[in-house]
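> Let's see this in three dimensions:
(one chain, ligands or ions: 1)
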Amino acid sequence: MLYLIGIGLSDPEDVTVRGLELIRSSARVFLDAYTSILSVGKDRLEEFYGRPVELADRDLVEQGDVILAAAQSADVSFLVVGDPLGATTHADLAMRARQRGVAYRVVHNASVLTAVASCGLQLYTFGETVSVPFWDAVSRPSSFLDKLLGNWERNLHTLCLLDIRVREPTMESLLRGRPEFEPPRFMSCSVAAEQLLALLAEASAAEDNADLLADSDAAELRNRLNRRKQLSPPERLLTVGLARLGSPDERIAACSLADIASRDLGPPLHSLVVPAPRLHPVEAEFLRQFADTEADAALVDASAAER
Ligand SMILES: C[S@@+](CC[C@H](N)C(=O)[O-])C[C@H]1O[C@@H](n2cnc3c(N)ncnc32)[C@H](O)[C@@H]1O
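Now for the predicted structure:
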């Protein structure tokens, strides 16, 4: 039997009683170290569970063979930070278990997908969740912005999950054929905001060049830019930064996109929310407690006033 067990967002003690009993009675215990992390290390988990915990990196999680082979002949717990079905990766593991005839059960727990409501925005009025990937010298993915705009146009909030890179092999080590790994990286709200600001700035620069294009291309470009312009200027675009949700040192900040780019919300993990353009008055009232300055509070009030 394969048990997919959510271990919550913060402390070892966040595991459910049922989850803990299953972990303690399993022959092997794996911890997904690829899609999310707990700020406490593996040692504290092992101490609390009274069981050795094997770290599952990206290959082990995505291929799933080692885990599924073990679960074919014994009880295996696969631990996921948050809820086990809060990331598509684990739904995939469950489907592959089924295909191989390995029975599985899910033990749910708190997830960032629900904890985001701590900022006061209603879960019912969130649209599609997006993932913001790190940019590098060769790739600057931006498809998340179009999804965000789709939500915005329907007056829905957008939860942006921010990239995590663990055990990424360095380019030199790949060339040598002997992998060595980069230090882990976790995207902060300020880096996500900088990438978003860069895309919005590119949109206004591109607008100046639209006249140089053939009519049909220019019309398409103008349409795309006009959509993006809804999010400008960045000094008036309300955002919410959320750091370490569910932890005693959780931090939530409601301020403009321009401001969040220079705010330090502390250690990972971070998520960023772009609220819908028009907030429900109750959402605005709840959210206002996370406005650090009068200017931030005025921005929240303006979103409610525009209903
Ligand atoms: C793939 S999702 C993890 C989903 C997880 N299984 C769950 O249910 O919460 C990973 C991303 O969620 C966000 N995240 C996870 N835990 C968080 C937390 N405690 N506070 C803020 N953001 C968090 C971060 O953006 C992180 O990169």
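> Please, where are all the strands along the stretch 51-200 of the chain?
Taking DSSP state E, counting those that start in this stretch as the criterion, the stretch 51-200 of the chain carries its strands at 54-56, 76-80, 104-107, 130-132, 158-162, 164-165, 185-186.
> Show me which of those has the highest average neighbour count.
Among the strands of the stretch 51-200 of the chain, ranked by average contacts under mean count of other Cβ atoms under 10 Å, first place goes to strand 76-80 (a mean of 28). C-beta here means a position set from N, CA and C on the backbone, and glycine is covered the same way.
> With mean pLDDT as extra columns, can I get the strands of the stretch 51-200 of the chain in TSV?
Compiled in TSV, the strands of the stretch 51-200 of the chain are given as follows (pLDDT from 0 to 100):
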stretch	mean pLDDT
strand 54-56	92
strand 76-80	96
strand 104-107	97
strand 130-132	97
strand 158-162	98
strand 164-165	92
strand 185-186	94
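> I'd like these laid out as TSV, including distance to Arg24.
Formatted as TSV, the strands of the stretch 51-200 of the chain follow (distance: least, Cβ to Cβ, whole Å):
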stretch	distance to Arg24
strand 54-56	15
strand 76-80	9
strand 104-107	13
strand 130-132	34
strand 158-162	31
strand 164-165	28
strand 185-186	30
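> so can I have JSON lines of the ones you listed showing distance to the ligand?
Formatted as JSON lines, the strands of the stretch 51-200 of the chain follow (distance: least, Cβ to the nearest ligand atom, whole Å):
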{"stretch": "strand 54-56", "distance to the ligand": "13"}
{"stretch": "strand 76-80", "distance to the ligand": "5"}
{"stretch": "strand 104-107", "distance to the ligand": "12"}
{"stretch": "strand 130-132", "distance to the ligand": "8"}
{"stretch": "strand 158-162", "distance to the ligand": "4"}
{"stretch": "strand 164-165", "distance to the ligand": "5"}
{"stretch": "strand 185-186", "distance to the ligand": "7"}
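> Which among those is found nearest to Gly266?
Taking Cβ to Cβ, strand 185-186 is the member of the strands of the stretch 51-200 of the chain nearest to Gly266, at 11.4 Å.
> Give the full set of residues in contact with Ala261.
By Cβ atoms under 8 Å, 6 or more residues apart in numbering, the contact set of Ala261 is 190, 193-194, 197.
> Let's see if you can find the most crowded of the residues you listed.
If you count neighbours using other Cβ atoms under 10 Å, the busiest of the contacts of Ala261 is Ala193, which has 27 neighbours.
> Identify the residue nearest that one in space, chain neighbours excluded?
Ala261 (3.9 Å; Cβ to Cβ, 6 or more residues apart in numbering).
> low-confidence ranges in the stretch 201-307 of the chain?
With pLDDT under 70 as the threshold, the stretch 201-307 of the chain has low-confidence stretches at 204-218, 306-307.
> Could you list which of the contacts of Ala261 also contact the ligand?
Among those, no residue sits close to the ligand (Cβ under 6 Å from any ligand atom).
> and the residue nearest to Ala71 when sequence neighbours are not counted, bridged to which residues?
In this structure, Ala71 finds its nearest non-sequential neighbour in Leu2, 3.9 Å apart by Cβ to Cβ, 6+ apart. Counting by DSSP bridges, Leu2 forms beta bridges with Val76, Tyr104.
> same question, Leu238
Ser256.
> May I have the residues that are in contact with it?
254-257, 274-275, 299-300, 302-303 are the contacts of Leu238 under Cβ under 8 Å, 6+ apart.
> And it, how far from Thr158?
As judged by Cβ to Cβ, to the nearest Å, Leu238 and Thr158 stand 12 Å apart.
> Ok, Leu22 next?
35 Å.
> shared neighbours, Leu238 and Thr158?
In contact with both Leu238 and Thr158: Val274, using Cβ under 8 Å, 6+ apart.
> Report the contact partners of the residue minimising distance to the centre of the chain.
Nearest to the geometric centre of the chain sits Leu161, at 2.1 Å (Cα atoms, centre = their mean). Contacts for Leu161 (Cβ under 8 Å, 6+ apart) come out as 112, 129-132, 271.
> Kindly report the same for Ala56.
Per Cβ under 8 Å, 6+ apart, neighbours of Ala56: 30-34, 67, 78.
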